[in-house]
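Undergrad: no sequence on this one, just coordinates:
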DNA sequence: AATGAAAGCACACTGGT
DNA sequence: ACCAGTGTGCTTTCATT
């Protein structure tokens, strides 16, 4: 994991379909060598996959929300999480510390569909408490944060 | 946007480097036709990009958090959002309704770095209030939600 | 680890149904 | 809207350093 690897990761994050030639030109190595490095990054578990990004609005799911939820005491986390995959409006989910147990990201066609999702979560997935916030917009970040070498000793003096 | 397009989207979300041949085999069309459809989906803005996924833990950023923040009254949203790109620990950001203005996802090396990020956000980016929750785990969802045809009339009767 | 050569594939284009 | 053929460019394997 040297600086070159970080540059490759950064390039692949911004363009997941970049060819090994493109990448090679960027880091001044042969396409061949780049391919080897990328394979190694995948094998090491640093690169976990390549995914297309879909505009949910263009798909007619223009109502996106963050949904904080807590489970009933008698519900096992595993059951709940497996059940989540059955709710197609659930885009992602985090298990969290704090006041609520999970935060879900939802994408719905409209409020009617959202209302149905609430009922399903409460009715059949063991959700006890639920708080929702509308996502007005996702902020586009232009940071190459992967280029930074993390250093444990770089925090400020006290 | 027919059913075939939705299948292509779903396939490309799970494997963003799938070739047109792979996709063609899946939907029973020639690679050629698939390529045309994919290009059309990109041009229509449904497919917005392809991105590599990186394991933050493997990169040494094992402390990930959700950070709800509110801005000071005198801070313009545009300035704040542009400034966010300067903070490499910020992975994503949503503008939200509700008690807080934004929710950030952070990835830090450790608590020292996180402490620095808090200081920077409050000190130079106009953050007034801040509440953090630790991300214990991201739930792996196995739903092919894009395959579903959204239908505005499918909600329950009242 | 990195490179060059050559075989095997995938892709973009054209044209045709 | 879909497919076949063709030329070009990319990826992969192997040999070499």
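TA: Cool, got the structure. Since the structure is predicted, the reported quantities are computational estimates derived from the model, not experimental observations. Numbering: from 1, shown residues only, chains lettered A, B, ... in the order given.
Undergrad: Residue A:109 is in contact with residue A:63, isn't it?
TA: Yes. Counting by CB atoms under 8 Å, residue A:109 touches residue A:63, with 6.9 Å between them. (Glycine included, C-beta is placed from N, CA and C.)
Undergrad: Given the longest strand seen in chain A, what are its sheet partners and their directions?
TA: If you go by DSSP state E, chain A has its longest strand at strand A:127-138. Counting by DSSP bridges, the strands paired with strand A:127-138 are strand A:63-71 (antiparallel), strand B:90-96 (antiparallel).
Undergrad: contacts for the last one?
TA: The list of residues contacting strand B:90-96 from outside it, by CB atoms under 8 Å, 6 or more residues apart in numbering or on different chains, reads A:66, A:133-139, A:141, A:143, A:145, B:56, B:64, B:77, B:81, B:84, B:101-107, B:117.
Undergrad: count of neighbours near the nearest residue to residue A:110 once chain neighbours are set aside?
TA: Leaving aside its sequence neighbours, residue A:110 sits nearest to residue A:63 (CB to CB, 6 or more residues apart in numbering or on different chains; 5.9 Å). Neighbours of residue A:63 under the rule other CB atoms under 10 Å in any protein chain shown: 19.
Undergrad: Residue A:113 too?
TA: Burial of residue A:113 is recorded as 21 neighbouring residues (other CB under 10 Å).
Undergrad: and the gap between it and residue A:65?
TA: 11 Å (CB to CB, to the nearest Å).
Undergrad: what are the ranges of the helices in chain A?
TA: A:3-14, A:20-27, A:31-43, A:77-84, A:111-124 (DSSP state H).
Undergrad: Any chance of these in JSON lines with distance to DNA strand C as columns?
TA: Formatted as JSON lines, those follow (distance: least, CB to the nearest atom of the strand, whole Å):
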{"stretch": "helix A:3-14", "distance to DNA strand C": "6"}
{"stretch": "helix A:20-27", "distance to DNA strand C": "7"}
{"stretch": "helix A:31-43", "distance to DNA strand C": "4"}
{"stretch": "helix A:77-84", "distance to DNA strand C": "33"}
{"stretch": "helix A:111-124", "distance to DNA strand C": "35"}
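Undergrad: Can you tell me which of those is packed in deepest?
TA: helix A:3-14 (a mean of 19; mean count of other CB atoms under 10 Å in any protein chain shown).
Undergrad: Next, the contact list for residue A:6, please.
TA: A:146, A:147, A:148, A:149.
Undergrad: Next: residue A:80.
TA: Shown in contact with residue A:80 (CB under 8 Å, 6+ apart): A:71, A:102, A:125, A:126.
Undergrad: Retrieve the pLDDT associated with it.
TA: Residue A:80 carries a pLDDT value of 98.
Undergrad: for the one 3 residues further on, same thing?
TA: pLDDT, the model's per-residue confidence, is 97 for residue A:83.
Undergrad: Once you drop chain neighbours, what's closest to it?
TA: residue A:125 (4.7 Å).
Undergrad: So the one residue sitting closest to the centre of chain A versus residue A:21, what's the distance?
TA: A centroid search over chain A (CA atoms, centre = their mean) returns residue A:92, at 6.9 Å, as the residue closest to the centre. Shown here: residue A:92 relative to residue A:21, a distance of 33 Å by CB to CB.
Undergrad: Please apply the same query to residue A:143.
TA: 26 Å.
Undergrad: Tell me which residues touch residue A:67, please.
TA: A:103, A:104, A:105, A:106, A:121, A:130, A:131, A:132, A:133.
Undergrad: Quick check: chain neighbours aside, which residue is closest to residue A:141?
TA: Per CB to CB, 6+ apart, closest to residue A:141 is residue B:85, 5.1 Å.
Undergrad: Next, the contact list for the one you found, please.
TA: A:141, A:142, A:143.
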